[in-house]
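**Student:** generate a structure from the sequence data that follows.
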Amino acid sequence: MRLALHEAGELTPEALEILKAEIRTRRLGEHLEEAVEAQTSVLDFEQQLELVERFRRLPCPICGAAGGPLNAAMVGTARSFLILTLHETHLVVGCSQCIIAASRKANNLTLALGWWGIPWGPIRTLQAISMNGKASSAAQADQATESLMQYAAQNHGAILFRLRQHEAGPTHGLSQ
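**Tutor:** Sure, this is the predicted structure:
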């Protein structure tokens with residue numbers, strides 16, 4: 001599934017045909033095959049905007065709520081252990097409440113464990129807290145964030161698959 005939804009655009013034409021044949025053999029559904037096809041095409045700006053707007057109307061992939069538009073934001077954490085400081089970031093795609101919850105959780109972890117390392121602990125702690133503040137603000141924005149636009153550009157096959165599954169309803173999942 002990961003190969004079909006996220007990495008098919010990097011496959012050779014021969015490998016793509018093998019992947020499509022395997023999808024048909026396993027009866028994983030035409031939506032998955034469409035997702036593979038989508039990754040081999042390049043979307044123009046208008047097509048990408050339309051895909052993003054349709055994606056934003058789906059239920060949240062984290063909590064399943066369908067109340068507000070989806071968005072995306074980078075969330076960061078800092079953890080320190082005396083002389084070692086780890087600074088990690090990850091993209092959160094979800095509703096505004098889930099993005100805010102993820103940034104709060106990251107802040108709590110960072111405030112508890114981030115500042116202990118010398119010299120980078122305090123610096124990375126401030127960077128993570130700043131990033132998480134921006135994530136909380138971006139989550140409440142009416143328009144799609146730049147992070148969501150980049151996510152859509154890199155994952156339009158997976159987004160198309162999710163849209164097709166949602167349109168088909170609960171009885172037409174992967175078990176077709």
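**Student:** check contacts around the residue nearest the centre of the chain.
**Tutor:** Nearest residue to the geometric centre of the chain (CA atoms, centre = their mean): Val93, 4.6 Å. Shown in contact with Val93 (CB atoms under 8 Å, 6 or more residues apart in numbering): 61-62, 70-72, 148, 151. Every C-beta, even on glycine, is put in place using the N, C-alpha and C of the backbone.
**Student:** for it, helix, strand, or coil?
**Tutor:** strand (DSSP: H, G, I helix; E, B strand; the rest coil).
**Student:** quick one: it from Ser80, how far?
**Tutor:** Distance of Val93 to Ser80, given as CB to CB, to the nearest Å: 28 Å.
**Student:** hmm, back to that, show me what the residue nearest to the centre of the chain bridges to in the sheet.
**Tutor:** Ala72 (DSSP bridges).
**Student:** just how off-centre is stretch 51-66 within its chain?
**Tutor:** Relative to its chain's centre, stretch 51-66 lies at 11 Å (CA atoms, centre = their mean, to the nearest Å).
**Student:** what helix or strand does Met74 sit in?
**Tutor:** Met74 is part of strand 71-81, with elements assigned from DSSP states H and E.
**Student:** which strands and helices lie in contact with that strand?
**Tutor:** In this structure, strand 71-81 packs against strand 84-94, helix 96-113, helix 120-139, helix 146-154, with contacts taken as 3 or more CB pairs under 8 Å, 6 or more residues apart in numbering; DSSP states H and E.
**Student:** strand 84-94 and that one, what's the angle between them?
**Tutor:** 160 degrees (axes from the mean of the first three to the mean of the last three CA atoms, to 10 degrees).
**Student:** pLDDT value on the nearest residue to Met74 once chain neighbours are set aside, please?
**Tutor:** Nearest residue to Met74 in three dimensions, chain neighbours excluded: Thr89, at 5.2 Å (CB to CB, 6 or more residues apart in numbering). The score at Thr89 is 98. That number is its pLDDT.
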